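K.L.:
Got a sequence here, can you build the structure:
(chains A and B)
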Amino acid sequence: NAGVTQTPKFQVLKTGQSMTLQCAQDMNHNSMYWYRQDPGMGLRLIYYSASEGTTDKGEVPNGYNVSRLNKREFSLRLESAAPSQTSVYFCASSEAPTGTFSYEQYFGPGTRLTVT
Amino acid sequence: SQKIEQNSEALNIQEGKTATLTCNYTNYSPAYLQWYRQDPGRGPVFLLLIRENEKEKRKERLKVTFDTTLKQSLFHITASQPADSATYLCALPPDTGRRALTFGSGTRLQVQP
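P.N.:
Got it, this is the predicted structure:
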């Protein structure tokens, strides 16, 4: 099993350009997440999908859109990139949504995005 | 809203010693807490889960405690090795309707040979 895969690994964009970050998991997990990680800020939740067909905003959703394409895939789109979106983006998945019952999250290797 | 605090300063210790990392939280009473390890350039990896009714949890050289009165979890690595050098993150379940973990900013551990 590959676990959680992300593409691309690295990307440089100019301000105003758009791009989609791809994420796929092969563990038959119901829930998927997008985080960004900045120095000193920790992991901040952008969007999540508790189950196929649903998406919800996280802590920092502005400037992003997501699509839960099917149970395996969850993409993150930047419509008009800004320098403030320079960050490392991690996709994660879990068996079920976090809540009363605890499910560990499995993370992908990350996408390092620079917006100039 | 919930707030998670981990020491932002790196912890440097000698090989063989016990490393102790702290995770404090406020405005919240979580049902459980998780710890993750993150190596440079890689995604976090789950290590341990401890529930509110558990005082202590062990896994090999790792030990986690959970003090719901102090609102604190301690993460211990005994007989530390240079290979333990990494950033360690604590994570809590949401205090709102949001159904995803909230992560602390992590503490970097450096084990010197």
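K.L.:
Identify the residues contacting residue 104.
P.N.:
Looking at chain A here, since you left the chain open. Residues in contact with residue A:104 (Cβ atoms under 8 Å, 6 or more residues apart in numbering or on different chains) are A:94, B:34, B:46, B:49. In short, each C-beta sits where N, CA and C put it, glycine included.
K.L.:
meant chain B actually
P.N.:
A:42, B:4, B:5, B:6, B:23, B:89, B:90, B:91.
K.L.:
Can you tell me which of the residues you listed are buried?
P.N.:
Neighbour counting by 16 or more other Cβ atoms under 10 Å in any protein chain shown classes A:42, B:4, B:6, B:23, B:89, B:90, B:91 among the contacts of residue B:104 as buried.
K.L.:
Which one of these is nearest to residue A:99?
P.N.:
residue B:91 (13.5 Å; Cβ to Cβ).
K.L.:
So what pairs up with that closest one in the strands?
P.N.:
Beta-bridge partners recorded for residue B:91 (DSSP bridges): residue B:34, residue B:103.
K.L.:
Touching, residue A:29 and residue A:98? I think so.
P.N.:
No: Residue A:29 lies out of contact with residue A:98 (Cβ atoms under 8 Å); the separation is 12.0 Å.
K.L.:
List the residues that contact residue B:32.
P.N.:
By Cβ under 8 Å, 6+ apart, the contact set of residue B:32 is A:102, B:49, B:50, B:51, B:52, B:92, B:93.
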